[in-house]
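Asks: Take a look and give me a structure for this.
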Amino acid sequence: MVVIQESELYRKVAGACRLDTAEAFRLQSRIHRLRWFGRSDIWVKRDDELSFGVSGTKLRKHASIIPALKQQGIEEVVVIGGANSNNVLSAAQTLKENNIKITPYLLGPPSQKLGNAKLLSLFIDDSEIHWISRSQWANCERLVNHYVEKRKAGGIKIFVLPEGAHHPLALPGSLSILVDILCNERESGVRFDHIIIDAGTGMVAQSLLAGAAVLGRKTIFHVVILAGSFEDFQAGLSRVVQYTEEFLDVSPCPLPDYHLYNPATAKSFGSTNKTIFGEIQRIAREDGILTDPVYSSKLFLTARQTIRNKTLDGNILLIHSGGGLALTGFMDHPMFSV
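Replies: Predicted structure coming up:
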């Protein structure tokens, strides 16, 4: 059931992301074939190429968050996440660029600053970070609310960006991935029967499903859950469906067919092992693509197993969500000395 036309979806996304301005983030990434299993119908979407510093699909979320914050006159943003969060590092860049104060509430401090945590130090002094220990992390929301009320009492216009930027303001930018895939299909003459994507907090993957629903897409989606549980993802999906219906002013409609997967190995979020680093090297040497040990390498490995074991037919698209900067935290790994 189609409840909105592609042109109307594009118009609303473009408006929220201010795509007609010179300062807008560029939200088009290319696709190309992967030479897997002797097939010519497996493709990858290179969202990792969207930006160097702002990680892959994170750029899409911030593409609609930043214009909304500026329109509201927000002076300060509290950002919640882990010390090595791609979203926190991305927010540090986009907020600094737009002269909006960033106040991080982070899980930590880490025993050793590596990777994203070390890069974050370029943008934010340690004294500006509110470190929350793991034992106190359940109280993070209460601590943030207390801080926010104090700042509001002082006349500061302040906004709280939750973990992974899972927020209605991120929806238009997240929906841009669907708009971009439709453009890829028109340019290539290929319509994708299966789309495989990873999910941390899940905002982009959930938006892809919600957007496909309003367009009446028959594509089958495969989501690799890298953080949280299947139930967490589905709860987030319900919220994103509601955001989408409100943003596009459409009635509820059935979701497309989708399947959820755990990673093929190193199943807990942020964990790694020998297989994962072997996959990073294999992808680099066979496919010419840089991946990271937390997100994209797990997506590629799980996708290969899923395609082979499920014998998926038709045109398949993997979405490389970025995260390559995380490799800087693993430079002492033997993989780099081979």
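Asks: Please verify my assumption that S90 contacts T57.
Replies: No. Here S90 does not reach T57: they are 9.8 Å apart, not a contact under C-beta atoms under 8 Å. All C-beta atoms are positioned from the backbone trio N, CA, C, and that covers glycine.
Asks: neighbour-wise, which of these two wins?
Replies: T57 (33 against 26; other C-beta atoms under 10 Å).
Asks: measure the more buried one to S296 for me?
Replies: T57 sits 11 Å away from S296, going by C-beta to C-beta, to the nearest Å.
Asks: now swap in N262 and tell me
Replies: Separation of N262 from S296 (C-beta to C-beta): 16 Å.
Asks: Of these two, give the one with the bigger neighbour count.
Replies: Legend: neighbour count by other C-beta under 10 Å for N262 and S296, higher for S296 (29 against 14).
Asks: Now the common contact residues for T57 and S296.
Replies: 321-322 (C-beta atoms under 8 Å, 6 or more residues apart in numbering).
Asks: so how far is stretch 162-175 off the chain centroid?
Replies: Stretch 162-175 sits 9 Å away from the centroid of its parent chain (C-alpha atoms, centre = their mean, to the nearest Å).
Asks: Next: stretch 279-298.
Replies: In terms of C-alpha atoms, centre = their mean, the centre of stretch 279-298 is set 17 Å apart from its chain centre.
Asks: Straight-line length of it, end to end?
Replies: Using C-alpha to C-alpha, to the nearest Å, one end of stretch 279-298 lies 8 Å from the other.
Asks: Give me the number of neighbouring residues for Q71.
Replies: So Q71, with other C-beta under 10 Å, has 9 neighbours.
Asks: Contact partners for it?
Replies: Contacts of Q71 (C-beta under 8 Å, 6+ apart): none.
Asks: ok, now how distant is it from P172?
Replies: For Q71 relative to P172 (C-beta to C-beta), the value is 13 Å.
Asks: Likewise for R26?
Replies: In terms of C-beta to C-beta, R26 sits 15 Å off from P172.
Asks: Check E149 too.
Replies: 29 Å.
Asks: more neighbours, the two?
Replies: Neighbour count, other C-beta under 10 Å: between E149 and P172, P172 has more, with 29 against 11.
Asks: how deep is the nearest residue to that one once chain neighbours are set aside tucked in, by neighbour count?
Replies: Residue nearest to P172 in three dimensions, not counting chain neighbours: A16, with 3.4 Å by C-beta to C-beta, 6 or more residues apart in numbering. By other C-beta under 10 Å, the residues close to A16 number 20.
Asks: what's A16 sitting at in phi/psi?
Replies: Phi and psi for A16, reported as degrees, to the nearest 10, are phi -70, psi -30.
Asks: what's the distance between it and Q71?
Replies: A16 is 10 Å from Q71, by C-beta to C-beta.
Asks: do the same with L120
Replies: From L120 to Q71 the distance is 27 Å (C-beta to C-beta).
Asks: try I196
Replies: For I196, the distance to Q71 - C-beta to C-beta - is 35 Å.
Asks: Please apply the same query to L59.
Replies: 19 Å.
Asks: how about the nearest residue to A165 once chain neighbours are set aside, what does it touch?
Replies: Using C-beta to C-beta, 6+ apart and skipping the chain neighbours, the partner closest in space to A165 is K61 (4.5 Å). Shown in contact with K61 (C-beta under 8 Å, 6+ apart): 87, 165, 170, 173-174, 203-204.
Asks: Repeat that for P256.
Replies: Here P256 is in contact with 209, 212-213, 217-221 (criterion: C-beta under 8 Å, 6+ apart).
Asks: residue boundaries of the strands in this protein?
Replies: 31-33, 42-46, 76-82, 101-107, 130-132, 158-161, 194-199, 220-225, 258-261, 316-320 (DSSP state E).
Asks: tell me the domain ranges of the protein?
Replies: 6-56+169-337, 59-165 (automatic domain parsing).
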